[in-house]
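J.: Build the 3D model from these lines:
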Amino acid sequence: MRNARGLSPTPRALALQPELEALMRSVRLVLSGPEHFDPATTTREFQVACADYGITILGIRLVELLRRQAPGARLRFVPLERLDGSEGLASEIDVHVGMPPRIPTGCHSHPLFDDRFVCMVQKPNGVAPRRLSLKEYLRALHVRVSVLGSEQDPIDRALAKRRLTRTIALTVPHFSALPAIVESAGYVATLSRRLAETQARSARVALCEPPLALGERATRMVWHTRTDADPAARFLRTLVREAAEGG
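T.: Numbers count the residues shown, from 1 in each chain. Below you'll find the predicted structure:
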C-alpha cells in the first residue's frame, strides 16, 4: 500500500510474514545442508513455551542438563500466550511443553509422560487421609487453575460425566499459587501428581487420592516443521526428553 514514505505491507502480507520466514529458512536449510552445531561452544538462546507447571516439573532439570552440555547457551521460558496457535512455533519458539488439546497444523509432537491426579489439602493435625470421600470432595471449596482462560478442565469434565459438580471458590492463572492458597484458605486443589509432590515439599499441605477415577493427562513436546531438522533444536528436544525421564 502506498503511503507518504513509499510502500507499506498490507494486513494480509503481515499475516503471512511468519509463515514466509519459516518457509525461507527451510529453503535455505535444504540448499545449504544442516548447519554445524557444537553444544560446547554455542551461545544460542533456546525458547520454550510452557505454563509454570512445566517450569516446575522440568525447568531445574533442563537447566542442569543445558549447563552441563552447553554451558554458553541461554534458556528463555515464555508464556503460552506467545504461541498464538502455531505462529510462535513457526517463527521463534523452539518447543512447546504442555497438554495441548490438539497438535497444530505443520507441527510434530512427542509424548513426555503421563500423569494422574491427586488432591492437595490443608495439612491436618493428625494423619492425613489416604483418600477423600466423594461427599467430602463435593462439599469442599475448590481452587482451580485456568490455563489460557479455560472455563473447564479435565476434572470438571470427568465430574460432569457422572452428573456431578464441584464448587469452585477461587480460580487462579498459575499453578505456583496453589500451595499457599490450600495452606491458608483450606481449599482443595486437584492437580497432577508430579507437580503436587514437588510443591508439597516446601508447603504445609498433604496429598491424598481423589474419590473417583479422573484419568491421566499426557504432557507432550510440540515443535514446528521449521525446526525439525535443525541440529540445535534437535539437541534441545533431546534434553527436554531427558529432563522428563528424570522427573
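J.: Can you pull out the low-pLDDT segments for the protein?
T.: Within the chain, the ranges that satisfy pLDDT under 70 run 4-6, 14-35, 85-87, 126-128, 247.
J.: domain assignment for it?
T.: Domain ranges of the chain: 17-112+218-245, 113-217, per automatic domain parsing.
J.: how about those in TSV, adding mean neighbour count and distance to Met1?
T.: To be clear about C-beta, it is placed using only N, CA and C from the backbone, and glycine gets the same treatment. TSV is the format used below for the domains of the chain (neighbours: other C-beta atoms under 10 Å; distance: least, C-beta to C-beta, whole Å):
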stretch	mean neighbour count	distance to Met1
domain 17-112+218-245	17	15
domain 113-217	15	33
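J.: Between those, which one is closest to Pro11.
T.: Among the domains of the chain, domain 17-112+218-245 comes nearest to Pro11, with 10.7 Å by C-beta to C-beta.
J.: Kindly export the one helix or strand Val97 maps to (C-alpha atoms) in CSV.
T.: Using DSSP states H and E, Val97 sits within strand 95-98. Output of strand 95-98 as CSV, limited to C-alpha atoms (Å, rounded to 0.1, in the frame of the first residue of the first chain):
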residue,chain,number,x,y,z
VAL,A,95,9.4,-26.1,21.5
HIS,A,96,6.1,-26.1,23.5
VAL,A,97,5.8,-28.4,26.5
GLY,A,98,2.3,-28.9,27.8
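J.: Could you list the residues in contact with it?
T.: The contact list for strand 95-98, computed with C-beta atoms under 8 Å, 6 or more residues apart in numbering, reads 46-51, 53-54, 58, 80, 83, 88-89, 112, 219-223, 227, 233, 236-237, 240.
J.: Check stretch 61-72 too.
T.: The contact list for stretch 61-72 (C-beta under 8 Å, 6+ apart) reads 39-43, 46, 48, 73, 75, 235, 239-240, 242-243, 246-247.
J.: any idea how far that stretch is from the chain center?
T.: In terms of C-alpha atoms, centre = their mean, to the nearest Å, the centre of stretch 61-72 is set 20 Å apart from its chain centre.
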